[in-house]
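> Quick one: sequence and predicted model below, then my questions.
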Amino acid sequence: MPDIAYQYRGSLVDQIHRGHIVVADHRGRILWQWGDPGRLTFARSAAKPIQAIPVIESGAADRFGVTDEELAVICASHNGEPIHIQTVEGLLAKAGLGPEQLRCGAEYPMYVPAEDALKKAGEPRKAIYCDCSGKHAGMLLTARHLGEALDSYDQPLHPVQARITAALLDVCGSFAAELHTAIDGCGVPVHALPLYRFAQGYARMSIPDLFPAGRAQAVRRITGVMTENPYMVAGAERICTYLMEHFGDRLFCKSGASAFYAIGLKGRGIGIAVKLEDGASSLIPYVLLRVLYSMEVISADELAGLTEYQDMNIYNNHHTPVGRTELVFHLQPGESGN
């Protein structure tokens, strides 16, 4: 399995991080790769933009007047900052729903300052603080609109989940025999496909007109609200926010748990999917920026301007450098590469 990065402690390699990178076009042709493009992989939360499609196609978004900010938070793995919580609360209220109906599990926000503020105020864990509460709110709105059971929307056989699975297979150009499912951390089904299929899915979403009119409208709206509202998709100190704030005219992107990431290059019919085997999500930003630079999506000057991701030193508790991270992958042409 190819190495992605070495982490040095002093002069000795302390950790080796391995994984897979695939760049595919909208037809599923592999343009560039490192590792195994067919690695069966759970997209985790990177599937959220696809999971949001039925919220629009069902008519729920129009019926309940879902705003761009609210649709962005449906696609989000949000930080749980006050703006995210308020947006999810407002979204639920539009359908006469409440946070107590969310079935994503009680959590504190993933963003440490937001978590600390709630703990200082004596607030307990709540489902609405979960980074998946926006996605679950979208599922609830769809079920409410179509008159379906609200207390089991998270179950694999519920119509909400069946529509999501069908949308995912269609968007990714895949078929049922390739699909594997399990249960994600927030309690709903999570989908695994060969890695290149998710790159293909993001590639297809980058050209909405590849889809029939109704789905094209949904995809166009979803990718548009993500890049226009990147803070709602993630929040402070997140690579999703940084990438779409700086390059939202060129790409849309979404993280997934356990070091999965997907990017679509707008209008180009090209998608990127990354998976690190050891789940080292802290390395994902560096990998993504190297890939985008090597593909000439971003320039050297633009890369240098992202100061948050220029320091690859490893620090101890005294903030003294004690090591460094070194990227060691080199994209190779795929079956349709140059």
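All right, it came through fine.
> correct me, but Glu70 touches Glu89?
No - Glu70 lies out of contact with Glu89 (CB atoms under 8 Å); the separation is 10.5 Å. C-betas here are computed from N, CA, C, even on glycine.
> These two: which is more packed in?
Neighbour count, other CB atoms under 10 Å: between Glu70 and Glu89, Glu70 has more, with 25 against 15.
> nearest residue to the more buried one other than its sequence neighbours?
Nearest residue to Glu70 in three dimensions, chain neighbours excluded: Leu91, at 4.6 Å (CB to CB, 6 or more residues apart in numbering).
> Just the buried residues of the helix or strand hosting the one you found, please?
Leu91 belongs to helix 82-94 when assigned by DSSP states H and E. Within helix 82-94, the residues that count as buried by 16 or more other CB atoms under 10 Å are His84, Ile85, Thr87, Val88, Leu91, Leu92, Lys94.
> got it, and stretch 326-337?
Quick answer for stretch 326-337 (16+ other CB under 10 Å): Leu327, Phe329, Leu331, Gly334.
> Please give me every residue in contact with the last one.
Gly334 is in contact with Val22, Val23, Ala24, Arg29, Ile30, Leu31, Trp32, Gln33, Pro37, counting by CB atoms under 8 Å, 6 or more residues apart in numbering.
> Return the members of those classed as buried.
Among the contacts of Gly334, the ones that count as buried by 16+ other CB under 10 Å are Val22, Val23, Ala24, Ile30, Leu31, Trp32, Gln33, Pro37.
> what ranges do the strands span in the stretch 51-200 of the chain?
Assigned by DSSP state E, counting those that start in this stretch, the stretch 51-200 of the chain shows strands spanning 180-183, 189-194.
> how distant is the shortest one from the center of its chain?
Taking the mean of its C-alpha atoms, strand 180-183 sits 17 Å from the chain's own mean (CA atoms, centre = their mean, to the nearest Å).
> Repeat that for stretch 178-198.
With CA atoms, centre = their mean as the basis, stretch 178-198 stands 13 Å off its chain's centre.
> For that stretch, give the mean pLDDT please.
For stretch 178-198, mean pLDDT rounds to 98.
> From Pro321, how far off is Asn79?
In this view, Asn79 and Pro321 are 28 Å apart by CB to CB, to the nearest Å.
> In terms of neighbours, single out the busier of these two.
Under the criterion of other CB under 10 Å, the comparison of Asn79 against Pro321 puts Asn79 first, with 26 against 10.
> List the contacts of the more buried one.
Applying CB under 8 Å, 6+ apart, we find Asn79 in contact with Pro109, Met110, Tyr111, Ala114, Asp131, Ala234, Gly235, Ala236, Arg238.
> Determine the longest helix present in this protein.
If you go by DSSP state H, the chain has its longest helix at helix 213-228.
> Quick check: which helices or strands does that helix pack against?
Contacts defined by 3 or more CB pairs under 8 Å, 6 or more residues apart in numbering; DSSP states H and E place helix 213-228 against helix 48-51, helix 53-57, helix 68-74, helix 159-171, helix 195-205, strand 251-256.
> Those: which one's closest to Tyr293?
strand 251-256 (12.8 Å; CB to CB).
> Sheet-wise, list the partners of that closest one with their directions.
strand 260-265 (antiparallel) (DSSP bridges).
> The following helix or strand past the partner strand pairs with which strands, and in what direction?
As assigned by DSSP H and E, the chain's next helix or strand after strand 260-265 is strand 270-276. The pairing partners recorded for strand 270-276 under DSSP bridges are strand 12-25 (antiparallel), strand 260-265 (antiparallel).
> Deepest in the core, which of the ones you listed is it.
Of all the strands paired with strand 270-276, strand 260-265 has the most neighbours on average by mean count of other CB atoms under 10 Å, namely a mean of 27.
> Can you give me the buried ones in the helix or strand that contains Pro285?
Remark: Pro285 resides in helix 284-294, with elements defined by DSSP H and E. For helix 284-294, burial by neighbour count (16+ other CB under 10 Å) applies to Ile284, Pro285, Tyr286, Val287, Leu288, Leu289, Arg290, Val291, Leu292.
> export it as PDB, just CAs?
C-alpha atoms of helix 284-294 as PDB (Å, rounded to 0.1, in the frame of the first residue of the first chain):
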ATOM      1  CA  ILE A 284      -6.000  15.700   4.900                       C
ATOM      2  CA  PRO A 285      -5.600  19.500   4.400                       C
ATOM      3  CA  TYR A 286      -1.900  19.100   3.400                       C
ATOM      4  CA  VAL A 287      -2.700  16.200   1.000                       C
ATOM      5  CA  LEU A 288      -5.600  18.100  -0.600                       C
ATOM      6  CA  LEU A 289      -3.500  21.300  -1.200                       C
ATOM      7  CA  ARG A 290      -0.700  19.200  -2.700                       C
ATOM      8  CA  VAL A 291      -3.100  17.500  -5.100                       C
ATOM      9  CA  LEU A 292      -4.800  20.800  -6.100                       C
ATOM     10  CA  TYR A 293      -1.500  22.400  -6.700                       C
ATOM     11  CA  SER A 294      -0.100  19.400  -8.700                       C
END
